[in-house]
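Colleague: predicted model and sequence follow; I will ask about them next.
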Amino acid sequence: MISLSSVQRTAEELMAKAAIEIPDDYLDGLRKCADTEKGDLSAFVIKAMLENYDAAKEDRRAMCGDTGLPRWYVKIGNEAAVEGGPVALEAALRRATARATAGVPLRPNRVHPLWRTDHNNNVGIGAPEIEYAFHPDADWIDLITVHKGGLFGSDYRMLFPGDGIDGIRRFYLDTLIGFGKRGLACQPAIVGVGLGGSKDTSMVLGKQASCLRVVGSRNPDPKIAALEEEFKALGNSIGMGAMGFIGTSMVIDCHIEVGYCHTGGMPMSVHMFCLSSRRACARISADGRAQFRTDPMWFTDYMRRETVEWERSTAEAAE
Amino acid sequence: MLETVQLALPASTADLRKLKIGTVAYLSGRIFTAREGVYKRAIEEGAGMPAGRDALGLANFHCSPAATVNPDGSYTVGAVTATASFRFAQWLDGWFELSGCNVIIGKGGMTSDIYRNSFVPHGAIYLTTVGYGTGALLGRGIKRVAGVYWLEELGLAQAVWVLDVEKCGPFLVESDLDGNSLFERENAKIAPGLAKLYAGSKPATLRRYGETDDKTEEVI
């Protein structure tokens, strides 16, 4: 049984880590941009951001003043149990979100869409979002928090099989160029592309592709992996760098995730995880110990399964 | 190497006249935050300014700080970065008259049409934050919260935060006193390369109302 106090303690620490510490994989990717960027304005911006990450860590201060929309991804082992059950778990995550908003401090971004009511704690109707997934043969839970910016850099479009890869490429470019100008997307970014599913699934997949995979990871389907490489290079060949200034630093990496969709359609979404790619994760084991890490490990073979029943991988079965 | 200047606030027209687009600027003096909540209340609802020009300064930052009010009534300001400014264009003319501001600080700038029609007649320039955003660096430049107005009415994020800053930056000069835009200059340089990216590509099967295929246009 995982104690509620360990859930809340870990969740609060994750909230602060996400806001303050740029993940290592993103940082390495941006340093590579710094090494290759020729545009003087774009290079200046990247250099300022690298200094900013150091200042944030030294001062234990949020790296960006817009601390995004805090949300949670929870992966629950099939054998895991949390004290108080799922209702208590959700309450602990809402409590941690509110406490960290005052404690770090974070910007209280969440308001009612019509009445603009602000509880000054990033909690409200449907906020923070909490998404769940499961994992076989495990007694731990994974907590992941992502504080993604909320206004620019994402788009959705219903494409059709006839649009083909060319249509996917075109919508990808449209989104990068449209939101890249003036740096509205706060690039260079981890670009996530969601392909397939129903309309809402394609948005969810694309967001998870940008926020829940580390820079350098590749989709296990070799053809999709090749497309990820191609799209990364394509984005960096637009001629646009940080803040939309002339340069080559647009895409830190491109991740594509797919889901089965309607036979007549090919829905697509594009998401851009920004210069403050705020994510932090931890695994809480059954005894309540938390192990922090930067890789969300969200997309597993189990998550991407295609079959009716789940069977252990052949490698595992052979042992 | 980009040219770098220190700008004391409030700035005179002569000070602003020297600033060229693409120059890096650090600010010392007084700035205050105001965005849509403040504009609506001050202009549309006729509340006017929450305080005089001496109390607020003449530099308006499109920003909500990551800040909190402590139990003893003091304030903790962590990181500060700007929010996208183009959304506030509709209030600008009234705002310049009311506030007397001559420096607008934000994210992403506005169009050169707006600079020429609204900024230039009021002797105002636009500074953009860098990144975005260097929230921790800008947070370090804040030396004191000089006052907070309309906290009850608008909430922490939309309230007017008056901040005394020292060597606060970096910012980039996005518009000058003639209304030129750094972003538009860069867009124009990038535009000629865009067509080849789309070579051989055809428009999506399902079109959308208002859609354009002219990639030199902007979404703002």
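Modeller: Received, thanks. Numbers count the residues shown, from 1 in each chain, chains lettered A, B, ... in the order given.
Colleague: please parse chain A into its domains.
Modeller: According to automatic domain parsing, chain A comprises the domains A:4-17+A:63-149+A:279-293, A:151-273.
Colleague: could you dump these into a markdown table with mean pLDDT, mean neighbour count and distance to chain B added?
Modeller: C-beta coordinates here come from the backbone N, C-alpha and C atoms, glycine included. As requested, those are exported to a markdown table (pLDDT from 0 to 100; neighbours: other CB atoms under 10 Å in any protein chain shown; distance: least, CB to the nearest CB, whole Å):
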| stretch | mean pLDDT | mean neighbour count | distance to chain B |
| --- | --- | --- | --- |
| domain A:4-17+A:63-149+A:279-293 | 97 | 19 | 3 |
| domain A:151-273 | 98 | 21 | 4 |
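Colleague: let's have the ones you listed in TSV, adding distance to residue A:33.
Modeller: Putting those into TSV (distance: least, CB to CB, whole Å) gives the following:
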stretch	distance to residue A:33
domain A:4-17+A:63-149+A:279-293	17
domain A:151-273	4
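Colleague: contacting residues around residue A:246?
Modeller: Applying CB atoms under 8 Å, 6 or more residues apart in numbering or on different chains, we find residue A:246 in contact with A:39, A:41, A:42, A:239, A:240, B:186, B:189, B:190.
Colleague: quick one: what helix or strand has residue A:35 in it?
Modeller: helix A:24-36 (DSSP states H and E).
Colleague: so where do the helices sit in the stretch 101-250 of chain A?
Modeller: A:164-180, A:199-211, A:222-236 (DSSP state H, counting those that start in this stretch).
Colleague: can I get those helices in TSV with distance to residue B:22?
Modeller: Output for the helices of the stretch 101-250 of chain A, formatted as TSV (distance: least, CB to CB, whole Å):
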stretch	distance to residue B:22
helix A:164-180	18
helix A:199-211	31
helix A:222-236	23
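Colleague: how much space between residue A:31 and chain B?
Modeller: Distance of residue A:31 to chain B, given as CB to the nearest CB, to the nearest Å: 16 Å.
Colleague: torsion angles phi and psi at the closest residue to that residue other than its chain neighbours?
Modeller: Excluding the flanking residues, the one nearest residue A:31 by CB to CB, 6 or more residues apart in numbering or on different chains is residue A:50, at 7.3 Å. Residue A:50 adopts backbone torsions of phi -60, psi -40, taken as degrees, to the nearest 10.
Colleague: cool, and residue B:8?
Modeller: Torsion angles, degrees, to the nearest 10, at residue B:8: phi -90, psi 140.
Colleague: beta partners of it?
Modeller: Per DSSP bridges, the residues bridged to residue B:8 are residue B:28.
Colleague: so where's chain B uncertain?
Modeller: Residues of chain B meeting the criterion pLDDT under 70: none.
Colleague: so is the longest strand seen in it next to chain A?
Modeller: Among the segments of chain B that qualify as a strand by DSSP state E, the longest is strand B:160-175. Yes: Strand B:160-175 reaches chain A (CB under 8 Å from any CB of the partner chain) through B:170, B:172.
Colleague: tell me which residues in that strand are buried?
Modeller: By neighbour count with 16 or more other CB atoms under 10 Å in any protein chain shown, strand B:160-175 contains the buried residues B:160-165, B:168-175.
Colleague: redo the residues you listed as TSV? Include distance to residue A:301.
Modeller: Shown next, in TSV, are those (distance: CB to CB, whole Å):
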residue	distance to residue A:301
B:160	53
B:161	49
B:162	55
B:163	51
B:164	56
B:165	52
B:168	50
B:169	48
B:170	46
B:171	48
B:172	46
B:173	52
B:174	48
B:175	53
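Colleague: pretty sure residue A:136 sits against residue A:310.
Modeller: Yes: using CB atoms under 8 Å, residue A:136 makes contact with residue A:310 at a distance of 6.3 Å.
Colleague: identify the contacts common to the two.
Modeller: Counting by CB under 8 Å, 6+ apart, the shared contacts of residue A:136 and residue A:310 are residue A:302.
Colleague: who touches stretch A:211-231?
Modeller: So stretch A:211-231 is contacted by A:23, A:25-26, A:28-29, A:73, A:144, A:146, A:148, A:165, A:169, A:172, A:190-193, A:251-258, A:271, A:273, A:277, A:279, A:294-296, A:298-299, A:301, A:304 (CB under 8 Å, 6+ apart).
Colleague: rewinding a little: which strands or helices does the longest strand of chain B pack on?
Modeller: Applying 3 or more CB pairs under 8 Å, 6 or more residues apart in numbering or on different chains; DSSP states H and E, one finds that strand B:160-175 contacts helix A:40-59, strand B:24-33, helix B:53-56, strand B:125-129, helix B:135-141, strand B:142-149, helix B:182-190.
Colleague: TSV for the ones you listed, including mean neighbour count and distance to residue B:65?
Modeller: Listed next are those as TSV, based on neighbours: other CB atoms under 10 Å in any protein chain shown; distance: least, CB to CB, whole Å:
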stretch	mean neighbour count	distance to residue B:65
helix A:40-59	20	14
strand B:24-33	21	7
helix B:53-56	14	16
strand B:125-129	28	13
helix B:135-141	27	8
strand B:142-149	17	8
helix B:182-190	20	24
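Colleague: turn those into a markdown table, including distance to residue A:106.
Modeller: Compiled in a markdown table, the helices and strands packed on strand B:160-175 are given as follows (distance: least, CB to CB, whole Å):
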| stretch | distance to residue A:106 |
| --- | --- |
| helix A:40-59 | 13 |
| strand B:24-33 | 16 |
| helix B:53-56 | 26 |
| strand B:125-129 | 18 |
| helix B:135-141 | 11 |
| strand B:142-149 | 17 |
| helix B:182-190 | 29 |
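Colleague: and of these, who's closest to residue A:208?
Modeller: For the helices and strands packed on strand B:160-175, distance to residue A:208 was read as CB to CB. The smallest value, 24.0 Å, belongs to helix A:40-59.
Colleague: roughly how far does residue A:247 sit from residue A:97?
Modeller: As judged by CB to CB, to the nearest Å, residue A:247 and residue A:97 stand 36 Å apart.
Colleague: and stretch A:142-160, end to end?
Modeller: Start-to-end span of stretch A:142-160 (CA to CA, to the nearest Å) is 36 Å.
Colleague: if we can go back for a sec, the residue nearest to residue A:31 contacts residue A:33, doesn't it?
Modeller: No: applying CB under 8 Å, one finds residue A:50 not in contact with residue A:33, separated by 9.9 Å.
Colleague: re earlier: so which of the helices of the stretch 101-250 of chain A comes closest to residue B:97?
Modeller: Of all those, helix A:164-180 comes closest under CB to CB, at 32.8 Å.
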